[in-house]
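Q: have a look at this prediction, sequence included:
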Amino acid sequence: MNGLIFQALKRTLKAKGVTYRALAERMGVSEPTVKRIFHERNCKLDRLMEICAAAGVELENVLGSMNRGPGPVNHIAPEIERKLAGRPALLFIFVMLSEKFTPEGIMRSQGLSEASMFLYLRDLEELGLIALGRGLSARLLVETPIQWNFEGPLRPLFEMTNKNFIGWAITHIDKEATFVSFSRRMRPETAEMVRREAEDLADRAKLLAHHDQHTTPEDGLIGYKWTF
């Protein structure tokens with residue numbers, strides 16, 4: 001059990017950008033002491049609560065996120081991708097469901113009627129992607145996160161979606177969007193370093209989102225799109 005707790009705690013610290021050194025300073029102990037605690041994965045409850053307090057997280061949230069860490073990516077069968085490629089709206093609904101939006105939340109954000117939402121869910125069930133429950137409840141039958149095949153039949157849709165998003169971001173740059181694009185001359189090694197840092201930032205954003213989804217009520221979450 002302690003091992004699972006510390007795994008969840010390490011994910012939370014990484015998502016919040018709290019290093020062992022920063023944690024040690026907040027706790028008033030040495031960095032080696034903190035590293036030893038995490039290496040041994042064993043401490044008394046009061047020490048565990050002290051760590052959570054120093055990290056700015058609730059112990060109950062850490063416990064609630066146990067066994068919920070982002071797992072390995074999963075793929076959709078090629079024949080399913082081909083069917084989704086022919087129905088962009090259905091793909092969009094499935095992507096939102098896979099990103100933890102509820103059917104009710106999708107209806108509100110997209111202005112869909114209950115009847116339309118049900119038809120989308122029924123079609124996704126026929127593809128074997130979800131299982132319908134009572135009313136509009138639905139359970140994903142595909143483990144997330146999903147890695148789409150960018151060289152497959154969905155590529156034109158992904159290209160169009162991201163081109164439209166960039167256009168929207170440029171149009172709304174003075175309001176609710178952020179768009180940064182520039183060209184600079186640099187060494188290939190420097191460019192590679194920047195690329196790795198961008199990937200690290202994307203990974204951290206995913207961890208933060210994962211943490212929020214398991215510690216924040218549904219009405220406190222807002223959908224964002226990030227392109228790196």
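A: Happy to help now that I have it.

Q: now Leu124: which helix or strand?
A: Using DSSP states H and E, Leu124 maps to helix 114-126.

Q: now Leu91
A: Leu91 belongs to helix 88-98, assigned by DSSP H and E.

Q: can you list the domains in this protein?
A: Residue ranges for the domains of the chain, per automatic domain parsing: 2-64, 78-152, 156-220.

Q: redo these as a markdown table? Include mean neighbour count, mean pLDDT and distance to Thr227.
A: (C-beta placed from N, C-alpha, C; glycine too.) Shown next, in a markdown table, are the domains of the chain (neighbours: other C-beta atoms under 10 Å; pLDDT from 0 to 100; distance: least, C-beta to C-beta, whole Å):
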| stretch | mean neighbour count | mean pLDDT | distance to Thr227 |
| --- | --- | --- | --- |
| domain 2-64 | 15 | 83 | 20 |
| domain 78-152 | 15 | 90 | 14 |
| domain 156-220 | 12 | 86 | 6 |
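
Q: thinking again about what came up before, next SSE after the helix holding Leu91?
A: That would be, after helix 88-98 and using DSSP H and E, helix 103-110.

Q: any idea how far stretch 220-228 is from the chain center?
A: With C-alpha atoms, centre = their mean, to the nearest Å as the basis, stretch 220-228 stands 9 Å off its chain's centre.

Q: quickly find the element holding the residue most central in space within the chain.
A: The centroid of the chain falls nearest to Lys206 when counting by C-alpha atoms, centre = their mean (3.8 Å). According to DSSP H and E, Lys206 maps onto helix 188-215.

Q: tell me who's in contact with the closest residue to Leu140 other than its chain neighbours.
A: Leaving aside its sequence neighbours, Leu140 sits nearest to Ile130 (C-beta to C-beta, 6 or more residues apart in numbering; 5.7 Å). Residues near Ile130 by C-beta atoms under 8 Å, 6 or more residues apart in numbering: Phe94, Leu97, Leu121, Leu124, Ala138, Arg139, Leu140, Leu141.
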